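Engineer: Okay, here's the prediction I keep looking at, along with the sequence it came from:
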Number of protein chains: 2
Amino acid sequence: MSNQNLRTLFQLVVRRFGFLNEQCCNQCCNQDISVAQSHIIFETSRQHNPSMRDIANALGIDITTFSRQVKALIDKGYVKKTPHPNDQRVQILALTEKGKDLERNIDDVMNQQLEQILSQLSDEERSKVTQSIDLLNKAMVNSESYCCPPQ
Amino acid sequence: MSNQNLRTLFQLVVRRFGFLNEQCCNQCCNQDISVAQSHIIFETSRQHNPSMRDIANALGIDITTFSRQVKALIDKGYVKKTPHPNDQRVQILALTEKGKDLERNIDDVMNQQLEQILSQLSDEERSKVTQSIDLLNKAMVNSESYCCPPQ
DNA sequence: ATAATTAATTGCATTTTACAAATAAAATGG
DNA sequence: CCATTTTATTTGTAAAATGCAATTAATTAT
């Protein structure tokens, strides 16, 4: 194992994943959206009938910045807003068909790239890695450490 | 294992690591530097006598943006520039004592938080996770996938 | 019914970003 | 050795992103 501390190991993996993310995102939409916007699309596709605040909270971004980014995504035709039936204050976010296509596309390309990376590992190592990421996610969710958005 | 694809697993871990990073960074310097600036400090502490371009390339940020961020870090007293002895075009970056202190501080706090997260796992799971991150880093470095800065 | 709370948007000032151009030093090649 | 090209970094400038304060509008609490 590399002679480095935990934080360094994480930092470097995260940085590299960031590059992957950025390039896949650009490749899929021809620079039409930013990486920040692709995160909004990703999270919107995951949640069930999310409000503005749900997505902004999940991503840890300021609601006012978020509001403007969503407007940009609506203008580009990837996202739509629908008023909540029981509470006219909240807007329910959803992907349009174009948005779903883009999300699927990014997801496919990302998974292909990740497959390519993991293809260098043995079957054993490979399942060790995927299980570990899963373990990590669960540990982070249950942790008292700050693995959640500020505030 | 969670019923999710590879990309989703990664995306969520990376997002949570981002929150951790941000909050540790803020905690250590009382908001005196941004997360982007903490990455510059991190990378500057890792490399041996790096030039401006070395760090900008490693982080995948535009050299002009980087130039201004470095200026800000110099103004705050965390970083210093020294002309390269054999090439007057090149500026060698280094952390000041204050910068080293901050980097150590962030590193300690991050490692504590990561320890806290991993403390939820069994010894076996824990070593599985750290070995996996290490494996991942190596696979990403050797990969043909875009785990390196654009261009 | 009035006050207090909540969701989302908009005003505005600051910061970040990145392309183009400028500057300056080193390398290249007649 | 001089002219040209390349390389490293900085600066001009305009666009985009950010986040606080204030606003609007709907809901809940008293």
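Structural biologist: Arrived safely, thanks for sending.
Engineer: what ranges of chain A fall below the confidence cut-off?
Structural biologist: In the predicted model of chain A, residues A:1-3 satisfy pLDDT under 70.
Engineer: How about residues contacting the longest strand along it?
Structural biologist: Longest among the strand segments of chain A by residue count, using DSSP state E, is strand A:87-95. Residues lying outside strand A:87-95 but in contact with it, judged by C-beta atoms under 8 Å, 6 or more residues apart in numbering or on different chains, are A:41, A:44-45, A:49-55, A:70, A:78-84, A:103. (Glycine included, C-beta is placed from N, CA and C.)
Engineer: Is stretch A:56-69 positioned near DNA strand D?
Structural biologist: Yes - counting by C-beta under 7 Å from any atom of the strand, DNA strand D has neighbours in stretch A:56-69: A:Ile61, A:Asp62, A:Thr64, A:Thr65, A:Arg68, A:Gln69.
Engineer: The second one contacts A:Met52, doesn't it?
Structural biologist: This points to A:Asp62. No - distance between A:Asp62 and A:Met52: 11.7 Å, which falls outside the contact criterion (C-beta atoms under 8 Å).
Engineer: neighbour-wise, which of those two wins?
Structural biologist: Taking A:Asp62 and A:Met52 together and counting by other C-beta atoms under 10 Å in any protein chain shown, A:Met52 has the greater number of neighbours (17 against 11).
Engineer: Contacts only, for the more buried one.
Structural biologist: Residues near A:Met52 by C-beta under 8 Å, 6+ apart: A:Ile63, A:Phe66, A:Ser67, A:Val70, A:Lys81, A:Val90, A:Gln91, A:Leu93.
Engineer: out of these, who has the most neighbours?
Structural biologist: Each of the contacts of A:Met52 was scored by neighbour count (other C-beta under 10 Å); the top score is that of A:Leu93, with 25 neighbours.
Engineer: Tell me what that residue is bridged to.
Structural biologist: With beta bridges defined as DSSP bridges, A:Leu93 has these partners: A:Lys81.
Engineer: Pull up the gap between A:Leu20 and B:Gly99, please.
Structural biologist: The spacing between A:Leu20 and B:Gly99, counted by C-beta to C-beta, to the nearest Å, is 29 Å.
Engineer: Correction: the previous question concerned A:Met52.
Structural biologist: Using C-beta to C-beta, A:Met52 is found at 39 Å from B:Gly99.
Engineer: same check, this time on A:Asp62
Structural biologist: 28 Å.
Engineer: And for A:Arg53?
Structural biologist: Computed as C-beta to C-beta, the A:Arg53 to B:Gly99 distance reads 38 Å.
Engineer: distance of A:Ile40 from DNA strand C?
Structural biologist: In this structure, A:Ile40 and DNA strand C are separated by 12 Å, where distance is defined by C-beta to the nearest atom of the strand, to the nearest Å.
Engineer: actually A:Lys80, not the one I typed
Structural biologist: On the measure of C-beta to the nearest atom of the strand, A:Lys80 and DNA strand C end up 11 Å apart.
Engineer: what's near enough to touch that residue?
Structural biologist: Under the criterion of C-beta under 8 Å, 6+ apart, the contact list for A:Lys80 reads A:Ile74, A:Leu93, A:Ala94, A:Leu95, A:Thr96.
Engineer: Likewise for A:Phe10?
Structural biologist: Taking C-beta under 8 Å, 6+ apart, one finds B:Phe17, B:Met110, B:Leu114, B:Ile133 in contact with A:Phe10.
Engineer: which of those sit farthest apart?
Structural biologist: Using C-beta to C-beta, those span at most 13.6 Å, a distance reached by B:Met110 and B:Ile133.
Engineer: So for the longest helix anywhere in chain A, what gets flagged as buried?
Structural biologist: Using DSSP state H to assign secondary structure, the helix with the most residues in chain A is helix A:6-29. Within helix A:6-29, the residues that qualify as buried by neighbour count (16 or more other C-beta atoms under 10 Å in any protein chain shown) are A:6-26, A:28-29.
Engineer: Then stretch A:41-61?
Structural biologist: So for stretch A:41-61, counting by 16+ other C-beta under 10 Å, buried means A:41-45, A:50-52, A:54-61.
Engineer: same question, stretch A:144-151
Structural biologist: A:Ser145, A:Tyr146, A:Cys147, A:Cys148, A:Pro149.
Engineer: Looks like the first one contacts B:Leu118 (just checking).
Structural biologist: No - in this structure, A:Ser145 sits apart from B:Leu118 without contact. The criterion is C-beta under 8 Å, and the distance is 10.0 Å.
Engineer: Which parts of chain A are strands?
Structural biologist: Applying DSSP E to chain A gives strands spanning A:79-84, A:87-95.
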